[in-house]
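Student: A structural model of the following input is requested.
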Amino acid sequence: MTGTVSQLKDLQLKSLQLKRTKSKDLESMDEKSKYPESKGTRRDGRRACLPASLLAVAALAMAGCAAEADGEVAASADMPTVYADARVETLVDGGNAGQAEYRAMLDACQQAGVSTMPLSAEDSALLGTGRLQWWVTPERIALRREYWDLANSGDVNQCHFTLAHSGVHEYFDAEQSVAYELPGMTVASDGPGDPDGLLRYAVDPELDTAAGAEGSAKMEVQGQPCREWSSSQGTVCKWTGGGEWGFQASPGYFQTTDSLSEHEIILRQEPANGNGVRITLSRFMLGEPWSRNALLPAEAEGQEGV
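Tutor: Here you go, the predicted model:
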C-alpha cells in the first residue's frame, strides 16, 4: 500500500509540474493574442501584409506589401463569409496525452484506496483536446481557441478530478475590438474598431507557389482544397480556396497553442511520429449569413446562427 501511495504522489507531482510548464508556455504565447489592439500583433496583419507566422518567407511578404503600396484594390466586398471548425488533440506516442495521464492517475488513486471522484464519461472524452474556430466575413472577424485539461483538488490524499477549460475568443469589426478569456468571459481587452484590418488583398498565386515549390502537395479535405507542407514536425495542410481574398497557404508555423490568424486556415495537421498536435477539420462553411451576435462568444463553445 505504501508503494501505491508513493506512486500516486509521484503521478500527481508530475502532473502538477506539467501543468505549470504548460501554463507558463501558454502565458508567453498568449500575451499578444490577448490584446488585439496592440500594434504588431496577429490582428495587425493588414499593416504587416502577412501574419507574423509567415515572416520566414520574407520575399513573399515584401512582394505583397509592394502590391498594396501600388494601390491594389481590396477584395473584401466580394468575399463570401468563411467559417471553419477544427478539433485539436495533443498526442504522445500516437495516443491522447491527457486521457493517458488521467487513466494512470485514476488507477493509482483506486489502488491506493483514497477518496476518488472520477470524471464523467463525457468530460473524460474531452481531456487532451481543444477546438479552433475561424469566422471571417467582410464586416467582422472572430477567432476562438479553447482547450480541456485535467484538474485535481490539489490534496495528495484524495483524487477529486474535474475538467479544466481555458481559451481565448477574439472579435473585431469597424467599431470594436474585444478579446475574452475563457471560461468566465473575462474581458482581456476592449478597444476601438479596426476598419483597415477588415480589408483583404489577393495573394499572388505565382509567388505563393514559388515560395514553396518543394516539399508541398495539393490535397483536399472535406471537399476543400489545401496545400500540404511536410517538415520534421509533421504535415500541415492549409486552405488554398481563398487566395483571392487574402488567405495564405505558404509554409509557416506548425500550429501548437499559438494564436490563430485570419489570414490562414489549417484544414489538417498530423504530428511526426505521433508526438505533437493533431488538427482535424470538423466543419467548413462558405456563404453563411453570420450576424454580429453569432460571432460574439458563448461560454463553452462558439455560437452559430444568423
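
Student: tell me where the stretch 51-200 of the chain has strands.
Tutor: For the stretch 51-200 of the chain, strands defined by DSSP state E, counting those that start in this stretch occupy the ranges 82-92, 95-96, 115-117, 129-136, 140-151, 158-160, 162-173, 176-182, 186-192.

Student: quick one: closest of these to residue 237.
Tutor: Nearest to residue 237, of all the strands of the stretch 51-200 of the chain, is strand 82-92, at 11.3 Å by CB to CB. Using the backbone N, CA and C atoms, a C-beta is placed for each residue, glycine as well.

Student: what would the strands of the stretch 51-200 of the chain look like in JSON lines with mean pLDDT, mean neighbour count and distance to residue 264?
Tutor: Below are those laid out as JSON lines (pLDDT from 0 to 100; neighbours: other CB atoms under 10 Å; distance: least, CB to CB, whole Å):
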{"stretch": "strand 82-92", "mean pLDDT": "95", "mean neighbour count": "20", "distance to residue 264": "10"}
{"stretch": "strand 95-96", "mean pLDDT": "95", "mean neighbour count": "16", "distance to residue 264": "26"}
{"stretch": "strand 115-117", "mean pLDDT": "92", "mean neighbour count": "13", "distance to residue 264": "42"}
{"stretch": "strand 129-136", "mean pLDDT": "95", "mean neighbour count": "22", "distance to residue 264": "9"}
{"stretch": "strand 140-151", "mean pLDDT": "94", "mean neighbour count": "22", "distance to residue 264": "11"}
{"stretch": "strand 158-160", "mean pLDDT": "90", "mean neighbour count": "17", "distance to residue 264": "41"}
{"stretch": "strand 162-173", "mean pLDDT": "94", "mean neighbour count": "20", "distance to residue 264": "15"}
{"stretch": "strand 176-182", "mean pLDDT": "92", "mean neighbour count": "20", "distance to residue 264": "19"}
{"stretch": "strand 186-192", "mean pLDDT": "88", "mean neighbour count": "13", "distance to residue 264": "23"}
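
Student: compare the ones you listed and give me the one nearest residue 284.
Tutor: Proximity to residue 284, assessed across the strands of the stretch 51-200 of the chain by CB to CB, is greatest for strand 82-92 (5.2 Å).

Student: hey, what's the angle from that closest one to strand 140-151? Just curious.
Tutor: Relative orientation of strand 82-92 versus strand 140-151 (axes from the mean of the first three to the mean of the last three CA atoms, to 10 degrees): 20 degrees.

Student: can you give the strand pairings for strand 82-92, parallel or anti for each?
Tutor: Strand 82-92 pairs in its sheet with strand 95-96 (antiparallel), strand 129-136 (antiparallel), strand 276-286 (antiparallel), by DSSP bridges.

Student: count of residues packed around residue 242?
Tutor: 24 (other CB atoms under 10 Å).

Student: use 479 as the first number from now on
Tutor: Right, with 479 as the first residue, what we last looked at is residue 720.

Student: next up, the contacts around the nearest residue to it once chain neighbours are set aside.
Tutor: If the residues on either side of it in the chain are set aside, residue 720 comes closest to residue 560, at 6.5 Å by CB to CB, 6 or more residues apart in numbering. Contacts for residue 560 (CB atoms under 8 Å, 6 or more residues apart in numbering) come out as 612-615, 720, 723, 725, 743, 763-764.

Student: can you list those in TSV and add distance to residue 585?
Tutor: TSV is the format used below for the contacts of residue 560 (distance: CB to CB, whole Å):
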residue	distance to residue 585
612	39
613	41
614	44
615	48
720	47
723	51
725	46
743	39
763	42
764	46
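
Student: ok, these vs residue 668, which is closest?
Tutor: Lowest distance from residue 668 to these (CB to CB) belongs to residue 613, with 18.6 Å.

Student: run through the bridge partners of the closest residue in space to that closest one that isn't next to it in sequence.
Tutor: Leaving aside its chain neighbours, residue 613 sits nearest to residue 620 (4.3 Å; criterion: CB to CB, 6+ apart). Applying DSSP bridges to residue 620 gives these bridge partners: residue 613, residue 649.

Student: now swap in residue 560 and tell me
Tutor: Beta-bridge partners, per DSSP bridges, of residue 560: residue 614, residue 764.

Student: separation between it and residue 576?
Tutor: Distance of residue 560 to residue 576, given as CB to CB, to the nearest Å: 30 Å.
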